[in-house]
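Visitor: whatever this is, show me its structure:
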Amino acid sequence: MSTSEQPPSAAPYPVRIHATFDPGTSRALWLVKWLLALPHYVILAFLWIAVLVTSVIAFFAILLTARYPRSLFDFNVGVLRWSWRVSFYAYGALGTDRYPPFSLHEVADYPAHLEVDHPESLSRGKVLVKSWLLAIPHYFVLGLLLGGVGYTAPDDNGASSSGVGLIGLLVLVAGVFLLFTGRYPERLFALVVGLNRWVFRVAGYVLLMTDRYPPFALDQGGLDAGPGGHPGPAAGPAATSAQDPAVASAVASAPGGSPAPQRSRWTTGRVVALTLGSLLVFIAVSLAGAAGTLTWIEQEERDRDGFMMSDQLALDTTTHAITSESLRLHSDVPGDFLPAQLLGDARLTATPESDSDLFIGIAPTDEVRDYLTDVSHETVTGVQDDDPTMTDHPGASTPAAPGEQDFWVAQDSGTGPLSITWEPTDGDWTFVAMNSDATPVIRTEMAVGAELPVLGKAAATLGVLAALALLVGIALVAYALVSASRRGHG
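Guide: Numbers count the residues shown, from 1 in each chain. Okay, here's the model as predicted:
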């Protein structure tokens with residue numbers, strides 16, 4: 001009975017991986033493969049960004065046409081294939097010491113292969129729910145396979161948690177076997193490959209490449225059923241090259257049985273264009289999100305006077321004064337351009353407890369330091385869990401009333417809510433709160449804020465950059481997809 005005549009449950013799954021253990025695998029090289037494979041990890045990080053973009057495009061293509069565009073399909077399969085080769089080489093299997101090729105294409109004599117059948121048509125309805133709803137049961141399984149075995153260990157804060165997946169744990173056991181015996185247990189290899197097969201089947205389903213639901217089955221071993229329901233590559237690198245379905249056709253068509261060169265949709269230039277374009281699209285989305293967040297803050301977090309104010313902070317001291325740390329405003333830009341553009345006007349508000357007569361003001365730090373010399377006061381140095389942290393400065397002198405001083409650049413006093421607004425200029429500045437008669441014991445709630453015009457400018461700048469990145473990214477992605485879709489390319 002042909003594949004087309006087989007019931008769906010009997011037909012081979014359209015996502016298949018094949019693997020043959022390399023008997024020449026070193027005892028100890030696996031200890032440094034994390035470093036050797038680093039270039040692949042970096043490149044794959046960018047390629048998977050491109051896969052995210054191409055999968056979104058494929059989603060809408062399937063929704064509208066019920067077809068997965070072949071150029072997108074080939075690219076995503078290529079990234080899966082590359083990922084499987086690196087995983088097989090490194091800590092997904094430790095199956096070979098042969099360095100993975102930097103290629104999306106099938107490599108006939110490499111001991112790890114991946115193939116996915118291109119679907120004739122796909123369900124428009126399923127594409128809406130496959131990745132986030134239907135695959136949920138498999139996500140629980142993948143959580144166990146890729147990162148579900150956890151442990152805790154003590155640290156400076158008491159305890160820390162981490163985890164390792166079942167595949168990682170089994171590969172570690174395999175690495176220990178290799179290190180001490182030079183042997184990779186056959187059944188352990190079969191189990192590791194079977195678990196990876198489960199992972200890649202789910203990946204193909206989530207990437208919308210098939211409507212066939214991944215089976216909850218652990219098909220162990222290096223071989224996978226081919227399109228005709230027969231096993232894939234036989235054991236051994238030579239047999240793999242000859243019997244892998246993706247390779248066999250190339251071998252059969254070549255004189256003397258050597259693989260014939262295959263023209264690829266995805267040349268290096270197209271892959272680079274698609275990856276760079278996808279990265280720009282990803283950056284554009286991130287910039288747009290940041291611009292939207294800043295715009296929301298601009299509209300929702302300002303008070304009616306246009307100030308961005310902190311929460312009210314309760315301050316209580318038995319000393320004569322409460323001061324802020326020195327606010328240092330210094331720039332190489334002539335005049336007061338930088339503070340004005342970044343901060344705008346600053347505001348300090350205070351609400352004294354009961355009916356005490358309170359004074360608040362701002363002055364040059366040197367003037368405040370001279371005024372409070374040998375006067376007991378406290379400096380607010382930070383806020384932790386809504387409680388201020390304060391540094392005490394002891395002193396024995398009683399200061400003159402603050403309202404009698406002429407160095408304040410802004411001041412207010414009284415028994416009701418107080419507020420001072422100040423235009424920041426270059427220099428060192430300190431905020432001060434005291435009783436109007438300079439007596440000790442101060443209890444008040446204070447807040448500080450500024451207009452921060454830089455937020456609006458930053459939001460607009462990020463929006464423009466997002467639009468530019470999006471336009472260039474879309475142009476590069478479109479170029480790559482259109483050129484890869486043309487027939488007769490080389």
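Visitor: CA atoms for contacts and neighbours, from now on please.
Guide: Fine.
Visitor: confidence-wise, which helix or strand of this protein is lowest on average?
Guide: helix 237-243 (a mean of 35; mean pLDDT, DSSP states H and E).
Visitor: check the offset of stretch 365-383 from the chain's centre.
Guide: Centre-to-centre, stretch 365-383 and its host chain are 44 Å apart (CA atoms, centre = their mean, to the nearest Å).
Visitor: now do the buried residues in that stretch.
Guide: Buried residues in stretch 365-383, counting neighbours by 16 or more other CA atoms under 10 Å, are found at 365, 368, 372-373, 375-379.
Visitor: now, which of those sits nearest residue 191?
Guide: Residue 191 has its nearest neighbour among the buried residues of stretch 365-383 in residue 379, at 64.3 Å by CA to CA.
Visitor: tell me which element that closest one is part of?
Guide: strand 377-384 (DSSP states H and E).
Visitor: list the buried residues of the helix or strand encompassing residue 466.
Guide: According to DSSP H and E, residue 466 maps onto helix 454-485. For helix 454-485, burial by neighbour count (16+ other CA under 10 Å) applies to 455-457, 459-460, 462-467, 469-474, 476-477, 479-481, 483-485.
Visitor: just stretch 304-322 next, same as before
Guide: Under the neighbour-count criterion of 16+ other CA under 10 Å, stretch 304-322 has 307-309, 313-315, 317, 319-322 buried.
Visitor: span of it from start to end?
Guide: Start-to-end span of stretch 304-322 (CA to CA, to the nearest Å) is 28 Å.
Visitor: other residues contacting that stretch?
Guide: Contacts to stretch 304-322, defined as CA atoms under 8 Å, 6 or more residues apart in numbering, come from residues 301-303, 346-347, 375-380, 386-388, 398, 432-435, 438-452.
Visitor: so what pLDDT did residue 267 get?
Guide: Looking at residue 267, its pLDDT is 93.
Visitor: now it: how far from residue 383?
Guide: Separation of residue 267 from residue 383 (CA to CA) stands at 56 Å.
Visitor: sec struct for residue 96, please.
Guide: Of the three states, residue 96 takes coil under DSSP: H, G, I helix; E, B strand; the rest coil.
Visitor: can you pick out the most distant pair from the buried residues of stretch 365-383?
Guide: Across these, the longest distance by CA to CA is 16.4 Å; it joins 365 and 376.
Visitor: just the helices in the stretch 101-250 of the chain please.
Guide: Applying DSSP state H, counting those that start in this stretch to the stretch 101-250 of the chain gives helices spanning 136-147, 166-181, 186-206, 237-243, 245-252.
Visitor: centre of the chain versus the first one, how much separation?
Guide: Relative to the mean C-alpha coordinate of its chain, helix 136-147 is positioned 20 Å out (CA atoms, centre = their mean).
Visitor: send the alpha carbons of it over as CSV?
Guide: Extracted in CSV, the C-alpha atoms of helix 136-147 (Å, rounded to 0.1, in the frame of the first residue of the first chain):
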residue,chain,number,x,y,z
ILE,A,136,0.1,22.7,25.2
PRO,A,137,0.3,19.0,26.2
HIS,A,138,3.6,18.7,24.3
TYR,A,139,4.9,21.8,26.0
PHE,A,140,4.7,20.1,29.3
VAL,A,141,6.6,17.1,27.9
LEU,A,142,9.3,19.4,26.4
GLY,A,143,9.6,21.2,29.7
LEU,A,144,10.7,17.9,31.2
LEU,A,145,12.9,16.9,28.2
LEU,A,146,14.6,20.3,27.9
GLY,A,147,14.6,21.8,31.4
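Visitor: show me what it is packed up against.
Guide: Applying 3 or more CA pairs under 8 Å, 6 or more residues apart in numbering; DSSP states H and E, one finds that helix 136-147 contacts strand 160-164, helix 166-181, helix 186-206.
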